[in-house]
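A.B. asks: Curious how this folds, go ahead:
(chains A and B)
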Amino acid sequence: MNALILALAYLRFNWIRSLVLVAVAALILAVPIVSQVLLSGSRAALTDRAEATPLVLGSRGSQLDLVMNALYFSADRAEPVTMAVADAVWDTGLGIPIPMNTAFETNDARIIGTSIDYFDFRNLKLAEGRGLAVLGEAVLGADVAARLSLGAGDTVVSSPQNLFDLDGVYPLELNIVGVLAPTGTPDDEAVFTDIKTSWVISGIGHGHDSVLDAQADEGDIVAAASTLQFNRITPDNIDSFHFHGDPATYPVSAILFVPNDARASTILRGRYLDPENPVQVIVPRDVIGDLVDRIFRIKTLLDAVSLIIGTAALAAIALAIFLSYRLRAREMQTAFKLGARRGTITRLLAAETIILLSSALFISFLLILAVQTRGDKIVAWLLAT
Amino acid sequence: MIDLTDVSFAYPDGAFRLFIPALQVEAGEKVAIVGPSGTGKTTLLNLIAGITVPESGRISLDGEIMSDLKDVDRRALRAGRIGFVFQDFALLDYLTARENILYPYRITSAGTLDAAARDRAATLAASCGLADKLDRRPGALSQGEQQRVALCRALVMQPKIILADEATGNLDPDNKSAILDLLFERTVAQDASLLAVTHDHDLLSRFDRVIDFAAFRLKRLAS
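C.D. replies: Model (predicted):
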């Protein structure tokens, strides 16, 4: 007991050194298990969602970027295709296309402009409020709602894309009408709107004051810089919102496609095999399968690197403890001169090491527990960044 | 009582040799040792405390032959009967003055760290003028204060043998006198034997006996 009291006093006096040693030892102990937990979680999260998504259409280019963006809402996006692609696959009658516009964010959450079919396809249930009905409405994922402490009746403002671009995308205040029940998937971290609302955010659609001057001749349009453009869609101004250009040209980041059956899937894939076609159809399960295989091949290398770094760090800790013993040599000499037995002196030194390692073990246990408890959310966040 | 007979000691390199034919310090006696630096005064105290083992001769403390004891028994004897004020104080920088004084209780089984021990430590500290500095660490104390903490640590277990190596070396005249008063008072109260190495000739008259170390057939041999 006395050895512990003295060791604690020593460690408290040298608290910076003690903290560094405990932190390093805790990380060495925790990192291999934490990485194992996260990798297993990532594998499951990636695979489950990919297997639940039959086909994705998007512009030809990186298949991985397309899948990561369409399924996990990651920041890396492929070039958008147009709504004409969604219309074209709809016309085939082979299944249901679900267009997605993932170009915008709000409060570090991705805004997913999509159709009502998305909610049925992902089996998303409302925990609060109602689903999307009119332009300018949003439904929050469970985590976003919890993080921002928002619910039905509140509003959320889309992030401007470029603060210094006067001609850029202006923020739109979205009316929150519902919150989804938690799913443990990236949907929890997203804000859902109708795809038309996402086009309003992008500036394709907008609403503003009447540009018809009562004093002017009928048909004359008197628009000026002073014309008020609405940044929130309300029942009072919703009728003023309109879109410019051909709807077939409006941007779509990706299109999830739910084929009627395996044959329909095969037929659709066959139609987009031509490498000259700017649109590609991919099977997320195959893309993610390749990715997971690569990750686990790389993991073997990472394990080796971790082992080397861990060994080096352990050696550094051993050296630090050894140097600490050297620093305490004078104290041990004093203890000897005062009559302390060899066993007592050994206990004095051992107590310091035991406290350090026990603390490190405890902290690493907490780290592992925290990662295991919140593994789904961490994995979702990692996949989205 | 301290009793040395024909004690000889040499460092392994043979550069220094000490021979003491006879030295006795009775219980309750206060003896000062003077002599030039490097003559082996500290070595003598270490031999008496069993920190250093003599080549030959007999060292007896209260009838217990130190030189016949095993290392573990020498340590126990040192912990239970000897209070040693070291020249370099040997305080622990991470402990407060109070905890430094009580340190022997933490590392030996010679006494129990109970309320009486804590009271004794506080009383000793107060008698050394440290009452308001018990919660400070050595780094926040002056040299003189550190020396007084070291003295309190040596006395806290009420030893029968008190060995003081320059116990008043860093003190001003008033404090020197006060510390000596405390040492003498404890020596008498505990019927202890006090052997103090000092260079302070002004204080010698207060001791019962003064030993000039050069007279002890000190031999210094060139290697």
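
A.B. asks: what does chain B put close to chain A?
C.D. replies: Listed as neighbours of chain A in chain B under the rule CB under 8 Å from any CB of the partner chain: B:49, B:51, B:72, B:75-80, B:82, B:84, B:86, B:90, B:92-95, B:99, B:103-108, B:110, B:113, B:137. For glycine as for every other residue, the C-beta is placed from the backbone atoms N, C-alpha and C.

A.B. asks: What is the neighbour count of residue 20?
C.D. replies: Just going to use chain A. Residues lying near residue A:20 (other CB atoms under 10 Å in any protein chain shown) number 12.

A.B. asks: To clarify, I was referring to chain B.
C.D. replies: 22.

A.B. asks: how much space between it and residue B:63?
C.D. replies: 19 Å (CB to CB, to the nearest Å).

A.B. asks: do the same with residue B:129
C.D. replies: 37 Å.

A.B. asks: Could I get the buried residue list for stretch B:120-137?
C.D. replies: B:120-122, B:124-125, B:127-128, B:130, B:133-134, B:137 (16 or more other CB atoms under 10 Å in any protein chain shown).

A.B. asks: cool, and stretch A:132-142?
C.D. replies: A:132, A:135-142.

A.B. asks: same deal with stretch A:55-71?
C.D. replies: A:55-60, A:62-71.

A.B. asks: What's the end-to-end length of it?
C.D. replies: 11 Å (CA to CA, to the nearest Å).

A.B. asks: starting at the chain centroid, how far to that stretch?
C.D. replies: 16 Å (CA atoms, centre = their mean, to the nearest Å).

A.B. asks: Could you do stretch B:159-179 as well?
C.D. replies: On CA atoms, centre = their mean, the centre of stretch B:159-179 falls 10 Å from that of its chain.

A.B. asks: swap in stretch A:5-21?
C.D. replies: Averaged C-alpha coordinates place stretch A:5-21 at 39 Å from its chain's average position (CA atoms, centre = their mean).

A.B. asks: Not counting its neighbours along the chain, what's nearest the residue in the stretch 201-350 of chain A that chain B sits nearest to?
C.D. replies: Nearest residue of the stretch 201-350 of chain A to chain B, counting by CB to the nearest CB: residue A:339, 2.7 Å away. Nearest non-adjacent residue to residue A:339, counting by CB to CB, 6 or more residues apart in numbering or on different chains: residue B:79, 2.7 Å away.

A.B. asks: count of neighbours near residue B:15?
C.D. replies: Using other CB under 10 Å, residue B:15 has 11 other residues around it.

A.B. asks: In a helix, it, correct?
C.D. replies: No. Counting by DSSP: H, G, I helix; E, B strand; the rest coil, residue B:15 is not found in a helix; it is coil.

A.B. asks: what ranges do the helices span in the stretch 201-350 of chain A?
C.D. replies: Ranges of helices within the stretch 201-350 of chain A are A:262-271, A:284-327, A:329-337, A:342-373, based on DSSP state H, counting those that start in this stretch.

A.B. asks: The residue in chain B positioned nearest to chain A and residue B:69: what is the separation?
C.D. replies: Distances between chain B and chain A by CB to the nearest CB are smallest at residue B:79, namely 2.7 Å. Taking CB to CB as the measure, residue B:79 falls 13 Å from residue B:69.

A.B. asks: more crowded one of those two?
C.D. replies: residue B:79 (23 against 18).

A.B. asks: returning to that earlier point: just the pLDDT for the residue of the stretch 201-350 of chain A closest to chain B.
C.D. replies: We have a pLDDT of 91 for residue A:339.

A.B. asks: neighbours around it, how many?
C.D. replies: Neighbours around residue A:339, by other CB under 10 Å: 26.

A.B. asks: packing partners for the lowest-mean-pLDDT helix or strand in chain A?
C.D. replies: The helix or strand with the lowest mean pLDDT-type score in chain A, counting by mean pLDDT, DSSP states H and E, is helix A:375-384 (a mean of 70). Secondary-structure packing of helix A:375-384 (3 or more CB pairs under 8 Å, 6 or more residues apart in numbering or on different chains; DSSP states H and E): helix A:15-51, helix A:63-72.

A.B. asks: what residues does stretch A:343-351 touch?
C.D. replies: A:3-4, A:6-7, A:325, A:328, A:331-332, A:335-336, A:340, B:107-108 (CB atoms under 8 Å, 6 or more residues apart in numbering or on different chains).

A.B. asks: where's the dip in pLDDT among these?
C.D. replies: residue A:325 (82).

A.B. asks: Now do the same contact list for residue A:43.
C.D. replies: Counting by CB under 8 Å, 6+ apart, residue A:43 touches A:292, A:295-296.

A.B. asks: can you give me the strands for chain B?
C.D. replies: B:2-10, B:17-25, B:30-34, B:56-61, B:64-65, B:82-85, B:161-165, B:193-197, B:209-212 (DSSP state E).

A.B. asks: Would you mind giving those strands as a markdown table with mean pLDDT added?
C.D. replies: Putting these into a markdown table (pLDDT from 0 to 100) gives the following:
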| stretch | mean pLDDT |
| --- | --- |
| strand B:2-10 | 89 |
| strand B:17-25 | 86 |
| strand B:30-34 | 92 |
| strand B:56-61 | 92 |
| strand B:64-65 | 88 |
| strand B:82-85 | 92 |
| strand B:161-165 | 94 |
| strand B:193-197 | 93 |
| strand B:209-212 | 89 |
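
A.B. asks: Would you mind giving those as CSV with distance to residue A:42 added?
C.D. replies: Converted to CSV, these look like this (distance: least, CB to CB, whole Å):
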stretch, distance to residue A:42
strand B:2-10, 71
strand B:17-25, 74
strand B:30-34, 76
strand B:56-61, 72
strand B:64-65, 72
strand B:82-85, 64
strand B:161-165, 67
strand B:193-197, 72
strand B:209-212, 81
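
A.B. asks: Of the ones you listed, which is nearest residue A:259?
C.D. replies: With distances scored as CB to CB, the stretch of the strands of chain B nearest to residue A:259 is strand B:82-85 (91.0 Å).

A.B. asks: Extract the C-alpha trace of that closest one and format it as PDB.
C.D. replies: Only the C-alpha atoms of strand B:82-85 are listed here, as PDB (Å, rounded to 0.1, in the frame of the first residue of the first chain):
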ATOM      1  CA  ILE B  82      19.400   4.600  13.800                       C
ATOM      2  CA  GLY B  83      18.400   8.100  12.800                       C
ATOM      3  CA  PHE B  84      20.700   9.500  10.100                       C
ATOM      4  CA  VAL B  85      21.000  13.100   9.000                       C
END
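
A.B. asks: Not counting its own residues, what contacts it?
C.D. replies: Applying CB under 8 Å, 6+ apart, the set of residues contacting strand B:82-85 is A:337-339, B:45, B:48-50, B:61, B:78, B:147, B:150-151, B:154-157, B:159-165, B:167, B:192.
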